[in-house]
Structure formats: structure tokens, C-alpha cells
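[1] Sequence plus the predicted model coming up.
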Amino acid sequence: DTAVSQTPKYLVTQMGNDKSIKCEQNLGHDTMYWYKQDSKKFLKIMFSYNNKELIINETVPNRFSPKSPDKAHLNLHINSLELGDSAVYFCASSHGGRAADTQYFGPGTRLTVL
Amino acid sequence: GQSLEQPSEVTAVEGAIVQINCTYQTSGFYGLSWYQQHDGGAPTFLSYNALDGLEETGRFSSFLSRSDSYGYLLLQELQMKDSASYFCAVPYQGGKLIFGQGTELSVKP
């Protein structure tokens, strides 16, 4: 029983394409996140949603558009992909958005833009 | 601004004790978290310190000194499976986690 799942695990695509990554959590959590991990392993938050409402948008280019159809799902759509978008994207969830709430991460989606 | 500093890599032998330090500069502070990430894997939560002092969970302990803006993760009785990257992180309301750049721990036989 996977707690936080993401699809696809790997994504290889050409510059300029549009792609989506899906995330689902079965933990009953209210808050979900997207993080980007670059080639130097630096992890940076991109977005967070609480009960389908956008809470955090960390100055991410508007080519990135998150969508939360319900509180168990948070998808990430990326338009006009660029080389610099190559990274591992992690979805995470937590019970709430409090500082002390543990975040549970999905397995990651490795995006390679050629 | 917000920044966290931790060593980029640490090497130790099986059975040894290793300490990974983290200093932080943040505007507003709730506590310090630690996450472990194996190569190709997802970050997994290890500990959270909101108050000064030492928190122990099995072989791993985490320490926080708010007055020094400093914390550390202590790993005892090192095992090969402890080879991974370790991240300190500062959480904020709304759930935003600001991560350090990670410390790669190599455990040698």
C-alpha cells in the first residue's frame, strides 16, 4: 500500500513539449506539495495545496501549473519544457500545513528534457 | 533570507559514531527537521526538534540549540545501510520546508 505515489517514474521528452506528472496520497492528509531536486540534490519547494487550495507558490515560472482535483491528488503540468526543467520532482503530503507536521514524500519523477 | 549550512560529505566506518552539523539563518523559526535520502529514493523523515535539547530515536539522535542557531544529527553504531544523504530542514507554517544542501554520508567497512 503505497502512501504517496507518483506517475510516471521517468519522463524523457523534447524541449518545447508539454507534460504532466500525477500524484496521489492515501494517507488522508489535507496538505500536498511539489518539490524540485536538481542535479546537485538541492531540494526546493515549488507549491503547496491545503484541501485543494493553493497555499504556497514559490516564484515558479508560470509554465508550471499545479492542479488539485481533490485533496488526495495533486498534479503538475509543465508547458514548453526547457532544458533547465530537467530534475527529479517529488510530491509530498502532510496531515496539515503546520511546521511540526511530518512530510511524506513520493518516489519521485525523474524528468529529462532533451 | 533563509539559509542552512551543513557539510557536503562525511565518511565513517561501520560501527562508528558520526555527527552531521547544521547551522541556520532564518526569519522566524519553529524547529529543525532531518530527512534521509538514499540514492534514487525519496526523502524520509527522521526527526523534528522544536525545543532545545537532544531527542533520541534508536540509533539516531537529533540536537537543537536555538540560541546558537545550530543543530546536529548523531548516528551511532553506523551500518552500511546508513550510507545516504542527510538533509536538515526548517519548516514554516503552510508546510514550506527549506532544506540545507545535504550531507552525503559514506559508511565504509
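    Here it is on my side, so go on. Numbers count the residues shown, from 1 in each chain, chains lettered A, B, ... in the order given.

[2] Provide a list of residue ranges in chain A with pLDDT below threshold.
    By pLDDT under 70, the weakly predicted segments of chain A are A:1.

[3] residues from it in reach of chain B?
    Residues of chain A lying near chain B by CB under 8 Å from any CB of the partner chain: A:4, A:31, A:33, A:35, A:40-45, A:48, A:50, A:55-56, A:58, A:90, A:94, A:96-108. For the C-beta atoms, the positions are set from N, CA and C on the backbone; glycine is no exception.

[4] What segments of chain B are strands?
    Here chain B has its strands, by DSSP state E, at B:3-5, B:9-13, B:18-25, B:32-37, B:44-49, B:53-57, B:60-65, B:70-75, B:84-91, B:97-99, B:103-108.

[5] can you list those strands in a markdown table and add mean neighbour count and mean pLDDT?
    Formatted as a markdown table, the strands of chain B follow (neighbours: other CB atoms under 10 Å in any protein chain shown; pLDDT from 0 to 100):
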| stretch | mean neighbour count | mean pLDDT |
| --- | --- | --- |
| strand B:3-5 | 16 | 94 |
| strand B:9-13 | 13 | 97 |
| strand B:18-25 | 18 | 97 |
| strand B:32-37 | 24 | 97 |
| strand B:44-49 | 19 | 96 |
| strand B:53-57 | 11 | 94 |
| strand B:60-65 | 20 | 98 |
| strand B:70-75 | 21 | 98 |
| strand B:84-91 | 24 | 96 |
| strand B:97-99 | 21 | 93 |
| strand B:103-108 | 17 | 98 |
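
[6] Dump those strands to TSV, plus distance to A:Lys9.
    Listed next are these as TSV, based on distance: least, CB to CB, whole Å:
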stretch	distance to A:Lys9
strand B:3-5	29
strand B:9-13	27
strand B:18-25	29
strand B:32-37	16
strand B:44-49	17
strand B:53-57	30
strand B:60-65	28
strand B:70-75	29
strand B:84-91	19
strand B:97-99	22
strand B:103-108	23
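
[7] how much space between A:Ser68 and chain B?
    14 Å (CB to the nearest CB, to the nearest Å).
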